[in-house]
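Student: Compute the structure for the input listed below.
(chains A, B, C and D)
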Protein chains: 2
Amino acid sequence: MQANQSVADVMTFREREYKCGIDITLAVVGGKWKASILWHLAQGTMRFSDLQRQFSDTTRKMLTQQLRELEEDGLVYRKVYAQVPPKVEYSLTESGRSIHPILEQMCSWGKQFLKESS
Amino acid sequence: MQANQSVADVMTFREREYKCGIDITLAVVGGKWKASILWHLAQGTMRFSDLQRQFSDTTRKMLTQQLRELEEDGLVYRKVYAQVPPKVEYSLTESGRSIHPILEQMCSWGKQFLKESS
DNA sequence: ATACTGAGTACCTTTTTGGTAACTATGAGA
DNA sequence: TCTCATAGTTACCAAAAAGGTACTCAGTAT
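Tutor: As a prediction, this is how the structure comes out:
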């Protein structure tokens, strides 16, 4: 069996080095879709296919990847139902919920910023 | 003269599309060093060489690049003194300062998060 | 004449990220 | 028996971001 470079051995935030908390936060939500995923999941538990609908401009692969990294970092909880066809539900953990205020601020700052500079 | 892919024609946040403010914010501070640069500049005006000392594990080139993008996005102000050897000072603009509360939150969330998950 | 200085730029390589398409599993329904 | 559905995985490729090294420019000090 060969070593593979799949989702499973992506470096989690714990294995890196940081000089300040900002880097940690960015490592966790800095991915292209992660912040948005957390933002959407704040509305409640969602199935993979729900998320796919919300993020229609990304691929299954990307979604899976980002979700798995969020899971590894302990921000989302993934519940697999042993049934066919498969059913998988995603929801926020306590940590995932605790970042919400930051996302809110980022959202309003971003909108404000765009308004001011146009 | 050939087209070149240097700092000058990196896409600024204005040229992209966003679905929500979060993406805008990430586009602006999501670069590997940008948030930290803004964080440090909050202490006051700095010369390029001051920043180089703070970010000793990155290269002049990376610093320049990130600073230029921040300048293009209107978060930092770059003042060049017409003297030799050159002197260039960087400081935050109003927009640059307005993002500080978010950085603070990110900093403390990150530290807290690391503590909880170790 | 030469070396030094700060703040870069040019050119190239490596690493990371994103995308496409094909493949999987398993039970239900036709 | 064949196809459909969901939630993936995998291999392969392209694009973007990051990194490294060498070079520049124009005064000033030696």
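
Student: how many other residues sit next to the closest residue to A:Tyr81 other than its chain neighbours?
Tutor: Counting by Cβ to Cβ, 6 or more residues apart in numbering or on different chains, the nearest residue to A:Tyr81 once its immediate chain neighbours are dropped is A:Lys87, at 4.1 Å. For glycine as for every other residue, the C-beta is placed from the backbone atoms N, C-alpha and C. Neighbour count for A:Lys87, taken as other Cβ atoms under 10 Å in any protein chain shown: 13.

Student: Check the one 4 residues further on too.
Tutor: Residue crowding around A:Ser91 was assessed by other Cβ under 10 Å; the count is 15.

Student: picking that back up, and the residue nearest to A:Tyr81, backbone torsions?
Tutor: For A:Lys87, the backbone dihedrals (degrees, to the nearest 10) come out as phi -140, psi 130.

Student: Distance of it relative to A:Val76?
Tutor: Between A:Lys87 and A:Val76 the computed distance is 16 Å (Cβ to Cβ, to the nearest Å).

Student: Also A:Leu38?
Tutor: The value you get for A:Leu38 to A:Val76, if Cβ to Cβ is used, is 8 Å.

Student: Residues that sit against both of the two, list them.
Tutor: Residues touching both A:Leu38 and A:Val76 by Cβ atoms under 8 Å, 6 or more residues apart in numbering or on different chains: A:Leu70, A:Leu92, A:Gly96.

Student: Check chain A and tell me which residue is nearest its centre.
Tutor: A:Lys34 (3.3 Å; Cα atoms, centre = their mean).

Student: Wait, it touches A:Glu72, no?
Tutor: No. Contact criterion Cβ atoms under 8 Å: A:Lys34 and A:Glu72 do not qualify, at 11.8 Å.

Student: and A:Phe113, how many neighbours?
Tutor: That count, for A:Phe113 with other Cβ under 10 Å as the rule, works out to 22.

Student: so, in contact with chain B or not, the strand or helix carrying it?
Tutor: Assigning secondary structure by DSSP states H and E places A:Phe113 in helix A:100-116. Yes. Using Cβ under 8 Å from any Cβ of the partner chain, helix A:100-116 reaches chain B at A:101-103, A:105-114, A:116.

Student: Would you reformat those as a markdown table and include distance to DNA strand D?
Tutor: Listed next are the residues of helix A:100-116 next to chain B as a markdown table, based on distance: Cβ to the nearest atom of the strand, whole Å:
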| residue | distance to DNA strand D |
| --- | --- |
| A:Pro101 | 25 |
| A:Ile102 | 20 |
| A:Leu103 | 21 |
| A:Gln105 | 22 |
| A:Met106 | 18 |
| A:Cys107 | 21 |
| A:Ser108 | 24 |
| A:Trp109 | 20 |
| A:Gly110 | 17 |
| A:Lys111 | 21 |
| A:Gln112 | 23 |
| A:Phe113 | 18 |
| A:Leu114 | 18 |
| A:Glu116 | 23 |
